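Chemist: Sharing a model prediction with you, sequence too.
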Amino acid sequence: MLMRILFISSLVLVWLPAGIAGAQQQYLDPGEAGFLLGGLFSRSEGYSGFGGRADYAFTDVLGAGVSLQRAENMDYEWIEFAPSVTALAVRPSKRWPVGLSFGAGYARIRQNRLDEDSIHRNRRISIYSFGVSLYLRLELSRGLVLYPTVGDAYTKAGYDVDDPDLGTYHESGKGQFASTFGFAVQAQRRFVFEATGVRAGGKISYVLSLILLLD
């Protein structure tokens with residue numbers, strides 16, 4: 001049981017919970033809508049992953065997105081599909097450079113493990129999250145903007161296991177909070193680099209993203 005809880009905690013680390021890294025529409029100008037495409041790399045203790053993401057901001061307030069990621073360590077390999085929605089509650093202004101956003105997300109993970117006794121066990125993992133993010137918008141120079149960000153989210157995980165000996169069974173993990181800290185740099189409006197640390201279950205992981213804004 002302990003190993004299963006630690007495993008789910010590590011998944012929460014590799015997967016960045018929706019909402020706590022900020023809404024992607026924060027990079028758009030007021031009243032603007034558009035697509036945001038990006039790649040990401042994640043790293044935590046014993047785990048690493050890479051993938052891509054696509055977001056669409058319907059307005060400068062409401063957006064939705066999806067990410068696809070492959071992650072692995074010495075014992076596991078899995079593919080993760082994670083849609084999310086975000087809402088920008090407060091947009092920064094020149095007088096008040098603080099922004100606030102909310103988000104909700106779901107991750108569906110298909111994972112296979114090969115045990116030492118050569119028994120295959122398939123897992124189907126689901127992670128739900130609801131989060132809030134607070135950030136600053138600091139214009140460093142013309143065409144260069146810095147976004148320091150902190151956030152917090154509640155996550156809940158569960159999984160179904162296909163075991164050759166025990167059959168198929170379901171278990172729900174305990175809910176836990178995941179917090180983030182990091183920054184983003186936006187250059188010439190179209191290019192964004194994000195660096196985020198995620199703390200959950202007493203462990204810290206890191207997520208790096210490169211984003212391109214399309215009109």
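Modeler: Done, it's in. Numbering: from 1, shown residues only.
Chemist: Look up how far residue 42 lies from the residue nearest to residue 32 when sequence neighbours are not counted.
Modeler: Nearest residue to residue 32, sequence neighbours excluded (C-beta to C-beta, 6 or more residues apart in numbering): residue 60, at 5.6 Å. Any C-beta I mention is one placed from the backbone N, CA and C, and that applies to glycine too. Counting by C-beta to C-beta, to the nearest Å, the separation of residue 60 from residue 42 is 28 Å.
Chemist: Looking at those two, which one has more neighbours?
Modeler: Higher neighbour count among residue 60 and residue 42: residue 42, with 22 against 19, using other C-beta atoms under 10 Å.
Chemist: per-residue confidence at that one?
Modeler: Here, the pLDDT recorded for residue 42 equals 83.
Chemist: With residue 66 as the reference, measure out to residue 159.
Modeler: Residue 159 is 21 Å from residue 66, by C-beta to C-beta.
Chemist: again, but for residue 157
Modeler: Applying C-beta to C-beta to residue 157 and residue 66 gives a distance of 19 Å.
Chemist: Mind checking which of the two has more residues around it?
Modeler: Higher neighbour count among residue 157 and residue 66: residue 157, with 25 against 14, using other C-beta under 10 Å.
Chemist: Next up, the contacts around residue 65.
Modeler: By C-beta atoms under 8 Å, 6 or more residues apart in numbering, the residues touching residue 65 are 24, 36, 53, 54, 55, 56, 83, 84, 85, 86.
Chemist: The same query, at a cut-off of 10 Å, please.
Modeler: 18, 23-25, 35-38, 53-57, 82-86, 103, 105 (C-beta atoms under 10 Å, 6 or more residues apart in numbering).
Chemist: repeat for residue 53
Modeler: 16, 24, 36-40, 65-69, 82, 84, 209, 211.
Chemist: Select from those the one having the most neighbours.
Modeler: residue 16 (31 neighbours).
Chemist: circling back to that earlier point, from the contacts of residue 53, which ones fall inside strands?
Modeler: 36-40, 65-69, 82, 84, 209, 211 (DSSP state E).
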